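S.K.: quick one: sequence plus predicted model below, questions after.
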Amino acid sequence: MDIIFFIYGLSFFILGVLVLFVRTKESEIFFARKIWLLGIFAILHAFVEWVFLYIYIHPDYKSFLNPLKFILLLLSYLFLFEFSRFIVRESFKEESSKLHFLHTLYAAPVIYIISISSLLTLILIHPSLNDAIAAVRYTYGFFGSLFLGIGLYYYGESLKKIEYVERLKIYFKIPGIAFICYALLAGIAVSPTTYFPGNVINTIWFFETFGVPMQLFRALCAFVITICSIKALQIFSDETHLKMMKSLRQVKRFSSDVSHELKTPLTAMKGEIEVALKEPRSCEEYQKILYSNLEEVDTLQSIVKNLLMLTYIEKASLKNKFTKQNLDDVVLKAIEDLMVVGAQKNISFEILELENVAIIGDEILLKTVFSNLIENAIKYSPYHSTLIISLTHKNDKAIFCIEDEGNGIEEEKLKLVFDRFYRADDSRSKHIKGFGLGLSIVQQIVEVHDGTIRVKNRKPYGLEVKVILPVSE
C-alpha cells in the first residue's frame, strides 16, 4: 500500500515539475498559457498523497497531519478547479456548441458562489475534519476533475486548424477520459464519511469489493495524464520551433514583397523624371509629370503608413493605453467618412442594427478596423449595389458584420486573406488599387483587442465579414 501511495504522489510530482519548468508562455494555444495551474495542482496533490503515506506508516501523527492534509488538498483542488474553469469556458465559448451553457455557468462569479456555498453547507452539516476533507473532494475535486475531463475532451475542436493541433487533439482526449475516471475515483469514492455517498461508496468498500486499493487506479490515471502531458509539452516545444521557422519565412517574404511594392512606384518616378530632364518641356507637361509623381509619392506614403501601423500594433505596451470606447460611435464615424467613396460607385449603405455597445480599446485602431473593412467592401462591390452593416450585442460580445454583393473569394483562398501583401484578386493586379496590408492590419488590431474576425462567402454571391469583440463590463 505504501508503495502505491508513493508512486501515486510521484506521478503527480513529475507532472507538476514538467508543466512548471517547460516554457509555454509564447504559445498561441490558450491551454499552454494556463497549464501552470495544472502544474501547481499536481505538485500540491503529490504532497497530499505523501502526507497520506506518512500517516499510513506513522498513524500516531494523524491528528497533527490531518489539518495539513486538509489545507493542501483544498489548495490543490482549487488550482485544478480554476484550470478546469478556464478550459471549460474556452472549449465551449462558441454559441453553436451544444454545451455552450457551461461557458456561462463557469463564469467566476457564478460557479464560485455555487461551489463555495456547497462546500460550506457540507462542512456545517458535518463539521468533523474527515468529513470536511470528503466535502472538498465532493465539490472541488469531483467537479474540477469531471469538467476538466469534459473540457479537455472537446478542447481540441475549439482550436484553430494549425499544423500541430491535429497531433495535440489525442493528447487532450486521453487525459480528458483519465480526468473523468479520476473524478469518480477521487471525487466520489472518498474515505468513509458519516453521510451518503461516502458512507456506502468509499475506499474501504472498493478494497473489499475488488481486492485492490483505490489508490492504484488513481495512480494509473495520474500516470496516463503525466505521459500525455509530456507528449503535449513536446509538441508545444515543436510549436516554438515551427513559429520561428514560420517567422523566418514571413520575414523573407515580407522583405521581398516590401521591396517589390516600394520598387514599383520608385521606378515609375525615376523613369518619368529622367524622361522629363532629357529636353525642355512646357509648363503643362512638367505639371502633368509632377501630378503623376505626386500619385506615386501618395502610394509610397500609404505603404509606409501601413507598415508603421503594423509595427505600432505589435508593441507590448499598447494595451495599457486602452480606454472605454462606444463602438457604435466609432462605426458611425467610419461609415460617414466613406459614404462619399461609396457614392462614387452608387453604393448604398443599409444599417440593419446599431446597438449601443462599449468596449475597452483604442479609438483610432478600432476605426481603422471598420474603415478598412468598409473600404474593402466598396472596392470589391459592383456599381449600384448595397452594403449591409450591423452592430449587435450578444452574450458579452460585440458583433460587427458587413456584407457586400461582390464576387466573394475562392474558398481555398479565404484563409490567406489576412496574410501581409496577399490580395485575393492576384496581389499584382492593378485593376483595384491596394497593397494587401489592410486585412493583415485589421486582424492584428482585432487580436490585440482580444477579439476574432471571420470571413465567409455569402450565397448566392458576396462576402460576409464579422468582427467579434469582448464588451466592457
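M.R.: Perfect, I can see it now.
S.K.: could you measure from the nearest residue to Phe223 once chain neighbours are set aside over to Trp50?
M.R.: Nearest residue to Phe223 in three dimensions, chain neighbours excluded: Ser11, at 5.1 Å (C-beta to C-beta, 6 or more residues apart in numbering). For the C-beta atoms, the positions are set from N, CA and C on the backbone; glycine is no exception. Distance, Ser11 to Trp50, using C-beta to C-beta, to the nearest Å: 12 Å.
S.K.: mind telling me what element the residue nearest to Phe223 is part of?
M.R.: helix 2-21 (DSSP states H and E).
S.K.: quick one on the thing from earlier: show the pLDDT at the residue nearest to Phe223.
M.R.: pLDDT, Ser11: 79.
S.K.: I'd say it and Val224 touch.
M.R.: No. Between Ser11 and Val224 there is no contact, the gap being 9.1 Å when judged by C-beta atoms under 8 Å.
S.K.: more neighbours: these two, which one.
M.R.: Higher neighbour count among Ser11 and Val224: Ser11, with 24 against 18, using other C-beta atoms under 10 Å.
S.K.: tell me who's in contact with the more buried one.
M.R.: Contact analysis of Ser11 by C-beta atoms under 8 Å, 6 or more residues apart in numbering lists 46, 219, 222-223, 225-226.
S.K.: got any ranges where the chain has weak pLDDT?
M.R.: 1-2, 22-30, 158-165, 236-261, 264, 302-303, 305-318, 416, 419-438, 473 (pLDDT under 70).
S.K.: and Gln234, how many residues sit next to it?
M.R.: There are 13 residues near Gln234, going by other C-beta under 10 Å.
S.K.: what helix or strand is it on?
M.R.: Here Gln234 is assigned to helix 214-278, by DSSP H and E.
S.K.: let me see the ranges of the strands in this structure.
M.R.: Secondary structure of the chain (DSSP state E): strands at 323-326, 348-354, 358-361, 386-394, 397-403, 452-457, 463-470.
S.K.: now render those as TSV, adding mean neighbour count and distance to Met214.
M.R.: What follows is the strands of the chain, written out as TSV (neighbours: other C-beta atoms under 10 Å; distance: least, C-beta to C-beta, whole Å):
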stretch	mean neighbour count	distance to Met214
strand 323-326	13	53
strand 348-354	13	56
strand 358-361	20	48
strand 386-394	18	46
strand 397-403	21	44
strand 452-457	16	44
strand 463-470	19	43
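S.K.: the closest residue to Leu75 other than its chain neighbours - how many residues pack around it?
M.R.: Beyond its immediate neighbours in the sequence, the residue positioned closest to Leu75 (C-beta to C-beta, 6+ apart) is Leu44, lying 5.4 Å away. Neighbourhood size, Leu44 [other C-beta under 10 Å]: 22.
S.K.: from the contacts of Ser11, pick the one nearest Phe349.
M.R.: Of all those, Ile225 has the smallest distance to Phe349: 54.1 Å, by C-beta to C-beta.
S.K.: roughly how far does that closest one sit from Ile43?
M.R.: 14 Å.
S.K.: looking at these two, which has the bigger crowd around it?
M.R.: Ile225 (24 against 21).
S.K.: how about the residue sitting furthest away from the middle of the chain, phi and psi?
M.R.: Using C-alpha atoms, centre = their mean, the residue of the chain lying farthest from its centre is Pro280. It sits 62.8 Å away. When quoted as degrees, to the nearest 10, the phi and psi of Pro280 stand at phi -60, psi 150.
S.K.: the helices in this structure, which residues?
M.R.: 2-21, 30-57, 62-91, 101-105, 108-125, 129-136, 142-155, 165-187, 203-210, 214-278, 283-313, 327-343, 363-379, 438-448 (DSSP state H).
S.K.: include distance to Leu387 when you put those into JSON lines, please.
M.R.: Shown next, in JSON lines, are the helices of the chain (distance: least, C-beta to C-beta, whole Å):
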{"stretch": "helix 2-21", "distance to Leu387": "49"}
{"stretch": "helix 30-57", "distance to Leu387": "34"}
{"stretch": "helix 62-91", "distance to Leu387": "33"}
{"stretch": "helix 101-105", "distance to Leu387": "32"}
{"stretch": "helix 108-125", "distance to Leu387": "39"}
{"stretch": "helix 129-136", "distance to Leu387": "57"}
{"stretch": "helix 142-155", "distance to Leu387": "37"}
{"stretch": "helix 165-187", "distance to Leu387": "35"}
{"stretch": "helix 203-210", "distance to Leu387": "65"}
{"stretch": "helix 214-278", "distance to Leu387": "28"}
{"stretch": "helix 283-313", "distance to Leu387": "23"}
{"stretch": "helix 327-343", "distance to Leu387": "7"}
{"stretch": "helix 363-379", "distance to Leu387": "5"}
{"stretch": "helix 438-448", "distance to Leu387": "16"}
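S.K.: against Thr203, how distant is the closest residue to Phe207 other than its chain neighbours?
M.R.: In space, and not counting its chain neighbours, Phe207 is closest to Pro213: 5.5 Å by C-beta to C-beta, 6+ apart. Distance from Pro213 to Thr203, counting by C-beta to C-beta: 7 Å.
S.K.: same question for Pro192.
M.R.: Using C-beta to C-beta, Pro192 is found at 7 Å from Thr203.
S.K.: ditto for Ile399
M.R.: Taken as C-beta to C-beta, the span from Ile399 to Thr203 is 50 Å.
S.K.: ok, Phe142 next?
M.R.: Distance from Phe142 to Thr203, by C-beta to C-beta: 15 Å.
S.K.: how about Val297?
M.R.: Counting by C-beta to C-beta - Val297 and Thr203 are separated by 80 Å.
S.K.: more neighbours, these two?
M.R.: Taking neighbours as other C-beta under 10 Å, Val297 and Thr203 compare with Thr203 leading, 18 against 13.
S.K.: quick check: domain ranges of the protein?
M.R.: 2-247, 257-316, 318-470 (automatic domain parsing).
S.K.: list the residues that contact Leu352.
M.R.: The contact partners of Leu352, taken as C-beta under 8 Å, 6+ apart, are 388-390.
S.K.: can we see that at 10 Å?
M.R.: 388-392, 401, 403 (C-beta atoms under 10 Å, 6 or more residues apart in numbering).
S.K.: turn the residues you listed into a markdown table, including distance to Leu74.
M.R.: Shown next, in a markdown table, are the contacts of Leu352 (distance: C-beta to C-beta, whole Å):
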| residue | distance to Leu74 |
| --- | --- |
| Ile388 | 54 |
| Ile389 | 51 |
| Ser390 | 48 |
| Leu391 | 45 |
| Thr392 | 42 |
| Cys401 | 46 |
| Glu403 | 52 |
